[in-house]
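Chemist: Next one to model:
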Amino acid sequence: MLCFADGNPVMASASTEGHIALWDLEKRQLASTLRDAHKGSACGMKFLASQPLLVTNGPDNSLKVKSENKNQGLFDSHEGWKDGFC
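Modeler: Next comes the predicted model:
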């Protein structure tokens, strides 16, 4: 699964193991990895417009929000829940 940020040179990809990779498209390299973001592959990913936020959901029935940490160039994770299944 791939997801592109609006107006930012960032792309997110999800693995079947539940990891999320954030790619710097200007430098054409991996910027950071969120290991074990979900228990299984992410079912959905979306960068929020005009916000430094990436929202993901997975088969573990969770909704997670990753916010960009401008000081470190990484994303911090915040967990929540969602109703229903993928």
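
Chemist: Low-confidence bits of the chain, can you list those?
Modeler: Low-confidence segments of the chain (pLDDT under 70): 68-86.

Chemist: Just want the most central residue of it.
Modeler: The centroid of the chain falls nearest to L54 when counting by C-alpha atoms, centre = their mean (4.9 Å).

Chemist: can I assume M1 is in contact with A14?
Modeler: Yes - in this structure, M1 is within contact of A14 by C-beta atoms under 8 Å, at 4.4 Å. Yep, even glycine has a C-beta here, placed from its N, CA and C like the rest.

Chemist: what touches both of these two?
Modeler: Common neighbours of M1 and A14, using C-beta atoms under 8 Å, 6 or more residues apart in numbering, are 41-42, 45.

Chemist: Closest one to N61 out of these, please.
Modeler: Nearest to N61, judged by C-beta to C-beta, of those is A42 at 12.4 Å.

Chemist: Check which helix or strand the nearest residue to G18 once chain neighbours are set aside maps to.
Modeler: Using C-beta to C-beta, 6 or more residues apart in numbering and skipping the chain neighbours, the partner closest in space to G18 is H38 (4.2 Å). For H38, there is no host helix or strand (DSSP states H and E).

Chemist: next one: A49
Modeler: Per DSSP H and E: A49 is located in neither a helix nor a strand.

Chemist: Among the shared contacts of M1 and A14, which one lies nearest to A5?
Modeler: Once C-beta to C-beta is applied, the member of these that ends up nearest A5 is M45, at 10.6 Å.

Chemist: helix/strand/coil for the residue nearest to the centre of the chain?
Modeler: Following DSSP: H, G, I helix; E, B strand; the rest coil, we place L54 in the strand state.

Chemist: For the residue nearest to L25 when sequence neighbours are not counted, which residues are in contact?
Modeler: Spatial nearest neighbour of L25, excluding adjacent residues (C-beta to C-beta, 6+ apart): P9 at 4.0 Å. With contacts defined as C-beta under 8 Å, 6+ apart, P9 is in contact with 24-26.

Chemist: now do H19
Modeler: By C-beta under 8 Å, 6+ apart, the contact set of H19 is 33-37.

Chemist: cool, G40 as well?
Modeler: Contact analysis of G40 by C-beta under 8 Å, 6+ apart lists 16-18, 58-60.
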